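1. A structural model of the following input is requested.
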Amino acid sequence: MPSSNRDRTSAVKKHFNNYYDYSLLFLTIFLCCFGLVMIYSTSSFVAQRDFNDSAKFLKSQALAVILGTFAMVFASRVDYRRYTRGLKHLNINFIFLLYFICIFLQAYVLLFGKESHGKKRWIMLGPVSFQPSELTKIAVILFVAYVVQRSPRSLDTPGGFLAVFLSNILTIGLIAKANLSTAIIVCVIIFAICYTATRKPFYYVIFIILGIVVVLLYIHFGEQSYRAERIRVWKNIENEEKGYQILQGLYAIASGGLFGTGLGNSKQKLGFIPEAHNDMIFTVICEELGLFGAISVIALFVFLIYRIFVIAINAPDLFGSLICVGVIAHIAFQVILNIAVVTNAVPSTGVPLPFISYGGTSVSLLMLEIGLVLSVSNQIRHKN
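-> Numbers count the residues shown, from 1 in each chain. Prediction:
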């Protein structure tokens, strides 16, 4: 190549750089740090009473956030397209390997997992507990995005969507056995990815209706009849003993007013709301920070989802876009479901508030998901 041509080529290349979404990175870290503050606020009384260490839950969550930060940064620096290639010395796709490992872990936890509240959802790794369903969400996002991007036009027919859904039916069934709400989240992820890729969304309205009918039938006739009991409690929480937690959460929300009682000044967290640092943490946010704080938290999630959406529409390929769509569906639906539960808009489910509720596995793997999105953003080229 003549030197003049090389100079022109290099000059053009200098005008393009990789785009790395630092706003998404810092927003994620900010949400996690806010979560640490609220976890200490909501758990210090119970931790001091039960473990003689007011910072017990804070320390555990802080360690998970640190590990999650390393995982997020590492994943963001790895080209996401490398996951579609076979592993070195092994003739197997990394995404398929991860997916099959998650199926094994879901089966293992049902047989040998640690039981809590009548369900086996955790695997004990020495002193640390691990919830495999959180890793399975990531595996499903990668697996469905990979399968769909190979033949997106097949989703223009009902058979194409059914093929994708049925390829995940074993995973969904294993998750539903332990946690129906998590299985519903996985179904939402699959649906969102497929809906994004199709050119004929009419079929998907029918699938939504059928999905709702199947879930309602499962709740009513399934072997776990306590789900039907939750609906009864939801309809009449004032007169049902099991409606105590939601009722106390509503008291906390109502007492917060416009600007709240002040950080750390919640009364409902003093033993009235069981495990306030877990799924019910949003109620204490409302009580201590008021309506202003609650709206601010929701606004942060909206901005987080917006940043992921921007990356999705600018991704260099369909695979990257669909990964972002899967992460949006996961985070958005989980936020909506958690807030709907604590405000008694829907029956109670065990869904944490992303990045904020206590749970080491959840926060670490959510940060890993954000790392995947940042990896997609890192492959976007933009002009200086």
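2. alpha carbons only: can I get stretch 340-354 in CSV?
-> Taking Å, rounded to 0.1, in the frame of the first residue of the first chain, the C-alpha atoms of stretch 340-354 are listed here in CSV:
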residue,chain,number,x,y,z
ALA,A,340,-45.7,-3.9,43.2
VAL,A,341,-45.4,-6.5,46.0
VAL,A,342,-44.4,-4.1,48.8
THR,A,343,-47.3,-1.8,47.8
ASN,A,344,-49.7,-4.7,47.7
ALA,A,345,-50.5,-4.2,44.1
VAL,A,346,-49.8,-7.9,43.4
PRO,A,347,-49.6,-11.0,45.7
SER,A,348,-46.5,-11.5,47.7
THR,A,349,-43.4,-13.0,45.9
GLY,A,350,-39.8,-13.4,47.0
VAL,A,351,-38.2,-10.9,44.5
PRO,A,352,-35.5,-8.5,45.8
LEU,A,353,-35.0,-4.9,44.7
PRO,A,354,-32.0,-5.1,42.2
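3. just the mean pLDDT for it, thanks.
-> This predicted structure assigns stretch 340-354 an average pLDDT of 88.
4. which outside residues touch it?
-> 31, 117, 179-182, 185, 230-231, 233-234, 237, 245-246, 249-250, 253, 278-283, 301, 331, 334-335, 337-339, 358-359, 362, 366 (CB atoms under 8 Å, 6 or more residues apart in numbering). In this view, the C-beta of every residue, glycine as well, is placed from N, C-alpha and C.
5. wait, L135 sits on L365?
-> Yes: the criterion here is CB atoms under 8 Å, and L135 meets it with L365 at 5.9 Å.
6. I'd like the next helix or strand past the longest helix along the chain.
-> Under DSSP state H, the helix in the chain containing the largest number of residues is helix 281-314. Note on helix 281-314: by DSSP states H and E, the next helix or strand toward the C-terminus is helix 318-342.
7. go through that next one and flag the buried ones.
-> 319-339, 341-342 (16 or more other CB atoms under 10 Å).
8. which SS state does W122 fall under?
-> Assigned state for W122: strand (three-state reduction, DSSP: H, G, I helix; E, B strand; the rest coil).
9. then G271?
-> Classified using three-state DSSP, G271 is coil.
10. for it, grab phi and psi.
-> phi 90, psi -10 (degrees, to the nearest 10).
11. can you check S357 too?
-> The phi/psi pair for S357 (degrees, to the nearest 10) is phi -60, psi 150.
12. these two touch, right, it and L36?
-> No: if you go by CB under 8 Å, S357 and L36 don't touch, sitting 11.4 Å apart.
13. those two: which has the busier surroundings?
-> When neighbours are counted by other CB atoms under 10 Å, S357 comes out ahead of the other of S357 and L36, with 24 against 21.
14. count of neighbours near D21?
-> D21 has 21 neighbouring residues, counting by other CB under 10 Å.
15. please name the nearest non-neighbouring residue to it.
-> Closest residue to D21 apart from its sequence neighbours, by CB to CB, 6 or more residues apart in numbering: S377 at 4.3 Å.
16. run a quick neighbour tally on that neighbour.
-> One way to gauge burial is a neighbour count; for S377, by other CB under 10 Å, it gives 25.
17. that one reaches S23, doesn't it?
-> No: counting by CB under 8 Å, S23 is not a contact partner of S377; they are 10.0 Å apart.
18. in the chain, where is pLDDT below threshold?
-> Within the chain, the ranges that satisfy pLDDT under 70 run 1-18, 86-91, 116-118, 218-228, 382-384.
19. just the helices in it please.
-> Listed in chain order, the helices found in the chain under DSSP H are 3-13, 22-51, 56-76, 94-112, 132-150, 158-166, 169-178, 180-197, 202-221, 226-235, 244-256, 281-314, 318-342, 360-377.
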